[in-house]
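> Provided below for reference: sequence and predicted model.
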Amino acid sequence: MTRHRLTCVNRLFIAVLLLGLVAGCGGDPKKDEASYSFAVIGDLPYSDRDLDDMSGWVKDINKADPAFTVHVGDVKSGPADCGDRYFAKIRHEFDKFENGLIYTPGDNDWTDCHLKDAGEFDPLERLDALRELMYPKPGTSLGDHPLKMQSYLSDGFPENVTFSRDGVRFAVVHLVGSDNGLLPWKDLGEDKPTAAAKVEQQARTNNAVLVLRDAFRAAGANGDRAVVVLTQANLFRDDVRTDLLRPVVQELIDAADRFNGQVVLVNGDTHEYVEGDHPLEQGSPWLAKYDVNGSADELTQVVTEGDKSADKGWIEFTVDTTKKEPISWELHKYH
């Protein structure tokens, strides 16, 4: 009888111990369910050596196992080759990402293609070719395990997408440097923007405003905790044409003001990592430069690291919706 009682006690003790070990190994279940990461890269590759190294960079990111990766544009330097074969090589590297890969074009990828060294292409023809290559299934990302997203293909912009994941709304919009694509195509003999370039730029800017409006409205309706906006252009670089991008900045201010949550703007373009800036906070000189109404104190800008750094890297964003500000980030150097 005593032996039986001891055996039962021992079994109960072992069961409780095992239960405790399982709980300890699993950590906080709510945190595990609410947490994930995504990666952002940009302004790379910029040289033949970079292109040779790109497979290794993709392996580094795959090893970290982010839910998805976003490339915020410029897969070449401005004067580098704009031919189909080069972009096919980039697509080949993009296809090596194990999870979803989302790409938004940079100015070097099409607007600079008029340059002599780049091949003296018509930039708008190159943009069409880029769209055909990089967005074969609009609304579906690249990568081995692609994401499903809302695409703006019906408006003519398959590269512009929004999607939501576990309390965070993402908006990827096509805005570029080089005066948002309006620098004259001098190597094609143009000393001012062409009529076609103006039409393209206006339509693309209008669609970017629409994407932002849709994304923030959806985030508010769904009770999302944060909105992440990703684009190539640095809207706050010293030589920016504020008149061309004012509607976008005003929409960011208005949308962020209506949204009760964290707002993160991620871009490339200037190639040097910025961990966190607040260019639209009250008192910022950018409010006067853009001649906009209101401010967006809650908006934080993060800039990716590009070719200007000797030790190139990628940014890992961690989402933890159990926290007041669910998104944090850290720069990682490639091995």
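Now that the structure is in, tell me what you want to look at.
> what comes up buried for the lengthiest helix in the chain?
When the chain is parsed with DSSP state H, its longest helix is helix 195-222. Neighbour counts over helix 195-222 (16 or more other CB atoms under 10 Å) mark 197, 200-201, 204-205, 207-212, 214-216, 218-220 as buried. Quick note: C-beta positions are derived from backbone N, CA and C, even for glycine.
> for stretch 295-309, same thing?
Buried residues in stretch 295-309 (16+ other CB under 10 Å): 295, 296, 298, 299, 300, 301, 302, 303, 304, 305, 306, 307.
> returning to that earlier point: next one: the longest helix of the chain to chain centre, how far?
Taking CA atoms, centre = their mean, to the nearest Å, one finds the center of helix 195-222 at 16 Å from the center of the full chain.
> check contacts around residue 153.
135, 138, 139 (CB atoms under 8 Å, 6 or more residues apart in numbering).
> most neighbours out of those, which is it?
Highest neighbour count within the contacts of residue 153: residue 135, with 19 neighbours (other CB atoms under 10 Å).
> just the buried residues of stretch 295-309: which are in strands?
299, 300, 301, 302, 303 (DSSP state E).
> columns pLDDT and distance to residue 52 on top of these, output as CSV?
Formatted as CSV, these follow (pLDDT from 0 to 100; distance: CB to CB, whole Å):
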residue, pLDDT, distance to residue 52
299, 98, 37
300, 98, 34
301, 98, 32
302, 98, 28
303, 97, 25
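> nearest to residue 191 among those residues?
Distance to residue 191 across those (CB to CB) is lowest for residue 303, with 31.6 Å.
> tell me what residue 99 is bridged to.
Using DSSP bridges, the beta-bridge partners of residue 99 come out as residue 145.
> thought it was touching residue 64?
No - counting by CB atoms under 8 Å, residue 99 stays clear of residue 64, with 10.2 Å between them.
> those two: which is more packed in?
More neighbours surround residue 99 than the other of residue 99 and residue 64, with 19 against 12 (other CB under 10 Å).
> out of the ones in strands among the buried residues of stretch 295-309, who's nearest residue 256?
Closest to residue 256, out of all of these and judged by CB to CB, is residue 299, at 5.1 Å.
> tell me which residues form a beta bridge with the closest one?
Under the criterion used (DSSP bridges), residue 299 bridges to residue 263.
> just checking, it touches residue 280?
Yes - counting by CB under 8 Å, residue 280 is a contact partner of residue 299 at 5.2 Å.
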